[in-house]
Structure formats: structure tokens, C-alpha cells
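**Student:** prediction below, plus the sequence it came from.
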Amino acid sequence: MPPSSPRMALKAMNRIRSLRQRIRSPQSAAARVLFALFLTVFLTGMDGELVRRGWLLVPGVVVFASCMASLTVWLTVCPGRSRAELWRQAALLLHRYRTFLSAFLALGVLSLIYWFARTEATPRDILTIPAAFCMCVAGAMLPMFPHVRRWRQTHFWFALTVYCLAIWIDVWRPGTFSYQETRAAGLAMNANTGAYMVSVLAVPLLFHRFLSRASLSALFLAGLSILPTLSRGGLLVYLALYCSYFLLAVVRFPDRRLLICIVTAVKAVLLIGIAWGSAQSLDFFSTEEAQQRVDLLIGQRSWLHKRLDIREKYRIKKLSESNNSLRWNPEKQAEPTPSRTDGQYAYIEQLRFLQLKNALAAIADSPIWGHGTRFSERKDTWPHIQYFALWIDFGLPGFLLYIALLTSGFRSFYKLRFLPGMFLIGVMAFWSMFSQAIFDARSLFMMLGLLLTLSLENDGNDGKQTTTPSWLRRRRERTALSESI
């Protein structure tokens, strides 16, 4: 038996004894259960599904606001030492991320000001960005509680597992959650958002120890669950995350390049094999819509070439033919006609390019001041790109503020060498290239707030994060012990 075995056994016994003591405390167990339910419900967007099915009588936003108000009161009346520590953490958070939070807050205020440019926008449209900012701040408060910090990996794993399970329930029983029976979406109800959220939930489980079993399992589970969504943008975001993980491992551990390349290839072969087997055996992939999507993903068709039933899809017309002005005027809105059609079908690349052309025309019409909140969501100016959508709505200030938000967030995480935060900002940047509904994903900004506070744990170590694999540390410990003997 190796000399380190008794020491490892003693350490394991101490951990088990500590765990038993925590479980015996009813207050501690209740706190863990409540935090687990709270994080799972709001990290996965389960509150929207509960409201939709009538199992939650009030909107999820009301429940979330009530819980956060209770937590704020508890923080206010907690003992003096704890309150002082929490205030210290809050001050450190504001100091480290002052540029990021200022850019985010300014973007939210800008969306409120631009209500005067388009007064027909609904309150939900006006408050979308401020609500995302509030979710980010609320998420940053949660790790200030010891239960959340101590059990964060368990909470993140549970949220990812629940989300992936919901996607596969959509495969086995199409239409359970998704509004498209031919595409699984999980709790997001939108297949593209569901694919992006899988990558978001996998990010905090990566990069703590390179080539750890937890990181590899999270990558594998995420890739397996993105497959049924048939989302092209979600697949691109996942591939960027997958390649970045292994590329960073190669850079940090050049002496293990062969092992890293083998692991990368094996995981890729397994994912491709399971994807091919699922497409051949599951009835979910046998529909015409799913087959078209599969052909797009494997490259048998152009990614922009796809037929759409024009009876089910909206019709689009050039702005110059429908309106004399780009300003919103429902009374003068002419009935649009479809772009190039082929009998019953219209081609998606024609619709997408026409929307993009209209979006660029809207930007050119008012490049500095924009057209007002949510103007970009008109169906003839829907650019499918968050950067262009903000430019259309808020002009150049909105576009520059969003760029400042992403760059300042990445720069702050980089200074702390907090890799999950850096890659979450990367996922946001990629997501914004394929969608313009990123601020509707409240779970994303709650995750961002959680990582803001969790990143401060590295601050006491001069921003250095331990990335040595556990098996390598154990080998070094055994070698040092044998040499000392």
C-alpha cells in the first residue's frame, strides 16, 4: 500500500464525519434544500413552465423578487461580524466590476429613456434590459451565503442535469415543453435558446481542474443535449466552448499534449457516434423538418438554404415598398408580400438576407440616435444579431455600451484569472451573433451574477487559480513523500 493511502483514508473519514454533522443540523439541511430549489428553478427558467402549466399561481418574477427581498432583510439584520463581512464583499464586488456594472446600468437606463421615441412599446419591452440587470445583481448576492458557496458545484450540476433531462423528455414526448414538436427545447420552449442555455449551464463546471472527470462529463452531457435542439447557432457556440477548453489545456500543460489530443478525439468520436445512432433510431429525427435540419448540420445542404411553409411563417417586404419612413406607424403599415417563393414554400435565405438588408437600412437611416426601444423586433427589420438590434433601437450609444459591457466583463475576469467568467462572456458574445433575444434569457444574467461574486475567491491569491489536475497533485505528493523517506 502506498505511504499516502492512510493519510487519504483519514482525510476521507474526516470529510464524512463533517458531512454527517452538517446533515444532522435541521437548519443547515433546510437551508441547502431551499437554496437548491431556488437556484434550480431560476437558473433553468423552470418558473415560466410552472406558470404556463398553472402550477405556480403568481409570475416567477414576483416569486424571485419576494425571495430576494427576504434575503436582503436577512442580510440587514444578521449579526455584526457577518454583516461587516458581507459589506466588505459587496464593496470589493463594486470595486472589481465597477466598469462592467456601470456599462450594464447605463444600457438599462438608455432603454428606459428611449421609451419616448416609441411610446407604443409595452412595459415588458421597456423593462427587459433593467430586469436583466436586476437579475445579475440578485445573482451576485447569492454566493454571499456560505451554503451557496460551499455547495455551488452541486447546485450547478443539478441545474444542468434538470435542463438536459427536460430536453430529452421533449425527444421522447415531442411538444412537452417546446412549441415546435420537431425540435426539442426543454424548459426554454425555444429550441435555439435551449441550446445556448445548455452551454451557459455547463460553463461553471469547467476549467476548475483541467481534464477532470467533472469537466469532461459536463462537456459530454452538454454536447449530447444540444443535438436534439437541431440549433445551428447553439452548435457553433458549443464547438467554440469545446475547442477553447482543450486548446487552453494544451497551452497550460504542454507536456500532456498527446493525452489531451487523445481525450479530445475520443470525446468527439463518441458524440458523433451517438448523434448518428440517434438520428437513425429515434422517431424524433424521422420527420421532414428534422431531416432538413440534420442535412444542414452535416453539410449536405447550405446552412442558409431551407424551405419554410409560407402559411405558417410571417411574410416580409422591403421597407422601401411598405413604408416611406422607418418610424413605426401601424396605420400606414402595408400588407407585406413574401420574397421569392416556390409554390407553397419560401426560402429562408431570402427571408434572412432581406431582414438583414432592412436592418442595415434602418441603421443607416438613424445611425446615431436609433429608432426607439424594441423597434428592431418588427418582423421586416429582425436582424437576428443582438449587436445590430441594439444599434437599431438605441443608436450608436447602445451599440458601444454593449461592446463596453462585454469587454469590461472579460477584462475584469481576466485580471482575476477566473476562467469560467471569461468563457461565459465568450458565450454571450457568440450568442449575440446568432440571436437578438439575449436579454430575455434571465437565467444567463443570474449565472453571470453568481460568477461575479464567486470570482472574488481568487482575489486573495493575487488572481491566481489552481489548475493542476488532482491526479497530478497526488502523484507529486507521493513522489515527495517517498523521497523524504
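**Tutor:** Perfect, thanks for sending it.

**Student:** what residues of whichever strand or helix holds V73 count as buried?
**Tutor:** Assigned by DSSP states H and E, V73 belongs to helix 60-77. Within helix 60-77, the residues scored as buried using 16 or more other CB atoms under 10 Å are G60, V61, V63, F64, C67, M68, L71, L75. C-beta: built from backbone N, CA, C; applies to glycine.

**Student:** pLDDT (mean, whole number) over it?
**Tutor:** Mean pLDDT, helix 60-77: 75.

**Student:** closest to L360 among the buried residues of helix 60-77?
**Tutor:** Distance to L360, by CB to CB, is smallest for V61 among those, at 34.6 Å.

**Student:** which phi and psi does A222 have?
**Tutor:** When read as degrees, to the nearest 10, the backbone of A222 gives phi -70, psi -50.

**Student:** what count of nearby residues applies to it?
**Tutor:** Neighbourhood size, A222 [other CB atoms under 10 Å]: 26.

**Student:** surely it touches S199?
**Tutor:** Yes. Using CB atoms under 8 Å, A222 is in contact with S199, at 6.1 Å.

**Student:** could you tell me which residues touch both of the two?
**Tutor:** Residues touching both A222 and S199 by CB atoms under 8 Å, 6 or more residues apart in numbering: Y238, L241.

**Student:** now do the residue nearest to V237 when sequence neighbours are not counted against G273, distance only.
**Tutor:** With CB to CB, 6 or more residues apart in numbering as the criterion, V237 has its nearest non-adjacent residue at 4.7 Å, and that residue is F430. Here F430 is placed at a distance of 26 Å from G273 (CB to CB, to the nearest Å).

**Student:** the two: which is more packed in?
**Tutor:** F430 (20 against 10).

**Student:** that one sits in which helix or strand?
**Tutor:** Per DSSP H and E: helix 419-434 holds F430.

**Student:** which residues does that helix contact?
**Tutor:** By CB under 8 Å, 6+ apart, the residues outside helix 419-434 that reach it are 192, 196, 199-200, 203-204, 206-208, 232-233, 236-237, 240-241, 244, 248, 384-387, 402, 406, 409-410, 412-414, 438, 444, 447-448, 451-452, 454-455, 465, 467.

**Student:** whichever of those residues end up buried, select them in ChimeraX.
**Tutor:** Listed next is the ChimeraX selection for buried residues among the contacts of helix 419-434, using 16+ other CB under 10 Å:
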select :192,196,199,200,203,204,206,207,232,233,236,237,240,241,244,248,384,385,386,387,402,406,409,410,412,413,438,444,447,448,451,452,454,455,467
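
**Student:** follow-up on the earlier one: do you know how far the residue nearest to V237 is from A132?
**Tutor:** Counting by CB to CB - F430 and A132 are separated by 18 Å.

**Student:** for G60, same thing?
**Tutor:** In terms of CB to CB, G60 sits 14 Å off from A132.

**Student:** and A84, by the same measure?
**Tutor:** 30 Å.

**Student:** which of the two has more residues huddled nearby?
**Tutor:** Neighbours were counted for A84 and for A132 using other CB under 10 Å; A132 has more, 23 against 11.

**Student:** all helices of the stretch 1-150 of the chain, in order?
**Tutor:** According to DSSP state H, counting those that start in this stretch, the stretch 1-150 of the chain carries its helices in the segments 4-24, 26-43, 46-52, 60-77, 80-96, 98-113, 123-126, 128-141, 146-150.

**Student:** same question, the stretch 201-350 of the chain
**Tutor:** Going by DSSP H, counting those that start in this stretch, the stretch 201-350 of the chain shows helices at 213-226, 232-252, 257-281, 288-297, 319-322, 348-365.

**Student:** what's the answer for the stretch 351-485 of the chain, then?
**Tutor:** 386-415, 419-434, 442-454, 470-484.

**Student:** for T161, find the nearest of the ones you listed.
**Tutor:** Across those, T161 has its closest neighbour in helix 442-454 (14.9 Å, CB to CB).

**Student:** what does the closest one contact?
**Tutor:** By CB under 8 Å, 6+ apart, the surrounding residues in contact with helix 442-454 are 42-45, 89, 93, 97, 131-133, 135-144, 148-149, 152, 196-197, 200-201, 203-204, 409, 413, 418, 420-421, 424, 428, 431, 438-439.

**Student:** mark which of those residues are buried, thanks.
**Tutor:** Among the contacts of helix 442-454, the ones that count as buried by 16+ other CB under 10 Å are 42-45, 89, 93, 97, 131-133, 135-144, 148, 152, 196-197, 200-201, 203-204, 409, 413, 418, 420-421, 424, 428, 431, 438-439.

**Student:** touching, P130 and L107? I think so.
**Tutor:** No. At 9.0 Å, P130 does not count as touching L107 under the criterion of CB under 8 Å.

**Student:** between these two, which has more neighbouring residues?
**Tutor:** Taking neighbours as other CB under 10 Å, P130 and L107 compare with L107 leading, 23 against 17.

**Student:** dump the residue contacts of that one.
**Tutor:** Neighbouring residues of L107 by CB under 8 Å, 6+ apart: I129, F133, L390, F394, G398, L401, Y402, L405.

**Student:** give the helix, strand or coil label for S178.
**Tutor:** Look at S178: counting by DSSP: H, G, I helix; E, B strand; the rest coil, its state is coil.

**Student:** isn't it right up against A191?
**Tutor:** Yes. Proximity of S178 to A191 meets the contact threshold set by CB under 8 Å, at 6.1 Å.

**Student:** list residues touching both of those two?
**Tutor:** Common neighbours of S178 and A191 (criterion: CB under 8 Å, 6+ apart): A184, A185.

**Student:** mind showing which ranges of the stretch 51-200 of the chain have poor pLDDT?
**Tutor:** 74-83, 116-121 (pLDDT under 70).

**Student:** name the element the closest residue to A441 other than its chain neighbours belongs to?
**Tutor:** In space, and not counting its chain neighbours, A441 is closest to T193: 6.1 Å by CB to CB, 6+ apart. Using DSSP H and E, T193 sits within helix 191-202.
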